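A.B. asks: no sequence for this one, just the structure:
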């Protein structure tokens, strides 16, 4: 088992009005390993009925295609380059105006300011010396391609109700499985994303009726970031509060001002240490103030968060692993054990609050 340390200070002592916004989350603490048959896991084999076929995806997915550049492509690239050069000129003018009061120090070749100024312009020269888009003979574009054969979905998580008590389960179900197609999609049922994402499927089951565990191999063309590493999980319940941006005014402004004062004094902050737990988890609060609605009109609650990094600030590091992280520093199996790398920040899955069997919403952020 893993144990999250007590928070560095009592947030309710500073902001008692947060008490009504407390939510339970379950930190899954995934660590690479071979899950026990039938156990809660990440990317492990799933308990599966003998007579039920493995799910597949036949949706169109995004493929990058390189083709010869057309005159229109080169003209578009030329315009973009002109716009970028004009924007850079404006930035440099602002920079030079801001530097005027420090011109004497900047003229001293040995000063830190002179070194910074030289680096500022050296970086620009390096970028400008690179091959320009308008000079390239080929361009890379995205096309939607329908697979010739159905693509087998991959296991993402299998979780027993006893491990994630904050998650609402349908009647007679005590096991939830999330699978997805790891090819990049622009459009898929349940996918809400401006960038390509996986096509999700959630299955609810009664574990007692199942005894066979089944897995699947990654299909050709799968994005590495959507093919997760097998992990064992060690669920642990914690209490979360909303991120500062999701708080109503004037509480939000008070919390942000308090954070600034804490930062100035090198103390724990609400954003980093007291609100949303990092790492892979179920329940709790999302990092942003996002609200998602089901097709039935009901609100949707946070089911699963998959970040593209590890366990966040040191104050959240499990007591059992503090010595390890201090000794080894960055450790891929600790900082990113699932291997997920398919989002800028995180991928989140929402369930309908009226009926969790309704279509899930998957958001790539």
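C.D. replies: Right, received. Where do you want to start? Everything numeric here is computed off the predicted structure, so don't read it as measured data. Numbering: from 1, shown residues only.

A.B. asks: how far out from the middle of the chain is stretch 357-365?
C.D. replies: Relative to the chain's own centre, stretch 357-365 is displaced by 14 Å; criterion: CA atoms, centre = their mean, to the nearest Å.

A.B. asks: list the buried residues of that stretch.
C.D. replies: By neighbour count with 16 or more other CB atoms under 10 Å, stretch 357-365 contains the buried residues 358, 359, 360, 361, 362, 363, 364, 365. Glycine gets a C-beta too; all of them are placed from N, C-alpha and C.

A.B. asks: which of the helices or strands spans the fifth one?
C.D. replies: Translated: residue 362. Taking DSSP states H and E as the criterion, residue 362 maps to strand 361-364.

A.B. asks: beta partners of the residue nearest to residue 39 when sequence neighbours are not counted?
C.D. replies: For residue 39, ignoring the flanking residues on the chain, the nearest one in space by CB to CB, 6 or more residues apart in numbering is residue 232 at 7.4 Å. Taking DSSP bridges, one finds residue 31, residue 41 as the beta-bridge partners of residue 232.

A.B. asks: residue 232 contacts residue 31, doesn't it?
C.D. replies: Yes. Counting by CB atoms under 8 Å, residue 31 is a contact partner of residue 232 at 6.0 Å.

A.B. asks: and the helices in this structure?
C.D. replies: 11-14, 71-99, 103-106, 112-129, 251-264, 322-328, 332-335 (DSSP state H).

A.B. asks: just the mean pLDDT for the second one, thanks.
C.D. replies: In this case it means helix 71-99. Across helix 71-99, pLDDT averages out at 84.

A.B. asks: over to the last one?
C.D. replies: Averaged across helix 332-335, pLDDT comes to 63.

A.B. asks: residue 185 is nearest to which of the helices of the chain?
C.D. replies: Proximity to residue 185, assessed across the helices of the chain by CB to CB, is greatest for helix 71-99 (25.6 Å).

A.B. asks: helices and strands around the top strand by length along the chain, which ones?
C.D. replies: Longest strand in the chain by number of residues (criterion: DSSP state E): strand 175-185. Strand 175-185 sits against strand 46-47, strand 61-68, strand 154-160, strand 197-205, with contacts defined as 3 or more CB pairs under 8 Å, 6 or more residues apart in numbering; DSSP states H and E.

A.B. asks: what lines up beside the third one in the sheet?
C.D. replies: This means strand 154-160. When DSSP bridges is applied, strand 154-160 pairs with strand 41-42 (antiparallel), strand 175-185 (antiparallel).

A.B. asks: please apply the same query to the shortest one.
C.D. replies: The partner list of strand 46-47 in its sheet, established with DSSP bridges, is strand 213-214 (antiparallel).

A.B. asks: chain center to the strand it pairs with: distance?
C.D. replies: Distance, centroid of strand 213-214 to centroid of chain: 27 Å (CA atoms, centre = their mean).

A.B. asks: state the mean pLDDT of it.
C.D. replies: 90.

A.B. asks: show me the contact partners of it.
C.D. replies: 37, 38, 44, 45, 46, 47, 48, 54 (CB atoms under 8 Å, 6 or more residues apart in numbering).

A.B. asks: could you rerun that using 7 Å?
C.D. replies: Residues from elsewhere that reach strand 213-214, judged by CB atoms under 7 Å, 6 or more residues apart in numbering: 37, 38, 45, 46, 47, 48, 54.
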